[in-house]
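Quick one, fold the following:
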Amino acid sequence: MGVNGGSAPQAWIAAATLICLHAAVGGYRPRRVSTPRQELVAMAARALVVVVLITTFVPSGRPDGSASHPDGSANWLAMSVACSALAGTGRGAFHIALGTYRRRRSSSRTAIVIGSGRNAGPTIQRLLLHREVGLTFVGQVLADNTTDAPPSHLPVLGEVTDLAQLLDTGNVEVAVLVCDGLPQQERDVAARLCMAAQRETIVLLSSADTFALAPDIQRLAGMPCRQLVPRLQRPLARVAKRTFDILGAASLLLMMLPLLAACAVALRLQDGPGVIFRQTRIGQHGRHFTVLKFRTLKPVNNHESDTRWSVENDARIGGVGRLLRRTSLDELPQLWNVLRGDMSLVGPRPERPYFVELFSSSCPAYAQRHRAPAGMTGWAQVNGLRGNTSIEMRAKFDNDYIDTWSFTGDLKIILLTIRAMLFQDKA
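Numbers count the residues shown, from 1 in each chain. Next up is the predicted model:
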């Protein structure tokens, strides 16, 4: 491809556009884990799309004003190959320079290894040798109740049950999980704790893991891995979710003002003053906030309100209160909580501090629900897990929602919630 009077404008515009596109998708960010094949295919695909669009819609700049060369059918292909080759060469040189810098500098990000299986020792030794990954390992966290952990080159900092405290008090920036040395349940708990603490989390896959055979697998020091990046921690996702919450809650409040007023008047006539009920709940990152609901029952005292699990069959609930509870209309004042930022339209349902402590002690996965904003409705609720249902299953569904969050998933949950309210279908 010659950069002459005819193709120069297209070549320069294509190059500038491609650089901007690579930057927009994070192509120039330093990465600890690599996927060479996937990166090269993606770069080539972007180069092909950009060059085809440029050569099709941007004039070539010929003196006669024509928009294409006689050999234009091959021009875009040659330009695509050149751009792909240059991008691949530049990225390869960048990786080499970055690895050299990491090996020679005196400091890097502090990291821990979680796992104590037979492969943990060799894995740690390999990670210590490959300083180009940019990690300084300060210790190892063992699987719970480990009695015969093989020796390694790192000091033992505790077990998985101690991980939450270690992340809160220790100077840990990166966590590397060795799957061979962790039971599935402990692996899930450890990964979620690390992500909730906003630590960089890398899972080294075992040789028996089918994911390790995938062609686009990531690599850390040559070992197959997955870098866990929760979607809800990505800035764009957080902004999109919060924007949707504000617009959705404001629109629903305006549309439902007559219904809210009717509910308030009916409760006032039945039970007297005090139609709004306020209660402390636990939200994202364990933060306390005051939730708003229509009062369907007047408790004897605050202790009953804070510690009584279910009032479904309580005789003190009047006809209006039962209707509001059955249709979930008693939850509508929480739209104000959403506008204030206490809650989201969709997320794990918030619970009272007493029950959060109680459930977390018997179900470790329960506290992991606080990685995301609390919601007016959630994946557990639309699957019938509300009231006197399994806490373990509720935690599982809520954590699955957080792990696999998507914007379309939130829309689906909202539609299922509307269906349940209209047709009394709680399942």
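
got the phi/psi numbers for Arg219?
phi -130, psi 140 (degrees, to the nearest 10).

can you give me the helices in the stretch 251-400 of the chain?
For the stretch 251-400 of the chain, the helices defined by DSSP state H, counting those that start in this stretch cover 257-271, 302-307, 319-327, 334-340, 353-362, 364-367, 379-382, 391-403.

Format these as CSV; extra columns: mean pLDDT, distance to Leu21 and mean neighbour count.
In this view, the C-beta of every residue, glycine as well, is placed from N, C-alpha and C. Output for the helices of the stretch 251-400 of the chain, formatted as CSV (pLDDT from 0 to 100; distance: least, Cβ to Cβ, whole Å; neighbours: other Cβ atoms under 10 Å):
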stretch, mean pLDDT, distance to Leu21, mean neighbour count
helix 257-271, 91, 46, 14
helix 302-307, 67, 54, 12
helix 319-327, 84, 49, 17
helix 334-340, 95, 36, 19
helix 353-362, 90, 45, 15
helix 364-367, 83, 40, 21
helix 379-382, 92, 35, 24
helix 391-403, 91, 29, 20
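
So which of the ones you listed is nearest Val113?
Closest of these to Val113 is helix 364-367, at 20.8 Å (criterion: Cβ to Cβ).

what about the stretch 51-200 of the chain, any weak spots by pLDDT?
Applying pLDDT under 70 to the stretch 51-200 of the chain flags the ranges 55, 57-107, 147-152, 181.

which residues does the most centrally placed residue in the chain contact?
Nearest residue to the geometric centre of the chain (Cα atoms, centre = their mean): Pro230, 2.5 Å. Shown in contact with Pro230 (Cβ atoms under 8 Å, 6 or more residues apart in numbering): 195, 371, 402-403, 405.

circling back to that earlier point, for the helices of the stretch 251-400 of the chain, which one sits closest to Ile418?
helix 379-382 (10.0 Å).

what's that closest one in contact with?
Outside of helix 379-382, the residues within contact range by Cβ under 8 Å, 6+ apart are 348-349, 386, 393-394, 397-398, 400-401, 409, 413, 416-417, 420.

follow-up on the earlier one: ramachandran angles for the residue nearest to the centre of the chain?
The phi/psi pair for Pro230 (degrees, to the nearest 10) reads phi -60, psi 130.

can you redo the contacts of helix 379-382 as a markdown table with distance to Val338?
What follows is the contacts of helix 379-382, written out as a markdown table (distance: Cβ to Cβ, whole Å):
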| residue | distance to Val338 |
| --- | --- |
| Pro348 | 14 |
| Arg349 | 13 |
| Arg386 | 19 |
| Met393 | 26 |
| Arg394 | 21 |
| Phe397 | 21 |
| Asp398 | 18 |
| Asp400 | 22 |
| Tyr401 | 17 |
| Gly409 | 17 |
| Ile413 | 14 |
| Leu416 | 18 |
| Thr417 | 14 |
| Ala420 | 19 |
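
so, if you compare those residues, which one comes nearest to Val176?
Asp400 (23.7 Å).

check contacts around the closest one.
By Cβ under 8 Å, 6+ apart, Asp400 lies in contact with Trp379.

same thing but at 10 Å, please
379-380 (Cβ atoms under 10 Å, 6 or more residues apart in numbering).

Now do it against Ser362, distance only.
Using Cβ to Cβ, to the nearest Å, Asp400 is found at 20 Å from Ser362.

same deal with Val203?
For Val203 relative to Ser362 (Cβ to Cβ), the value is 27 Å.

Which parts of this structure are strands?
For the chain, applying DSSP state E gives strands covering 109-114, 135-142, 156-159, 174-178, 200-204, 218-220, 223-228, 276-282, 288-294, 344-346, 375-377.

Strand partners (parallel or antiparallel) of the fifth one?
Strands adjacent to strand 200-204 in the sheet, as given by DSSP bridges, are strand 174-178 (parallel), strand 223-228 (antiparallel).

Bridged to the residue lying closest to Thr417 once chain neighbours are set aside, which residues?
Nearest residue to Thr417 in three dimensions, chain neighbours excluded: Thr377, at 4.3 Å (Cβ to Cβ, 6 or more residues apart in numbering). For Thr377, the beta-bridge partners are Val346 (DSSP bridges).

Is Thr377 in contact with Ser328, as I believe?
Yes. At 8.3 Å, Thr377 counts as touching Ser328 under the criterion of Cβ atoms under 10 Å.
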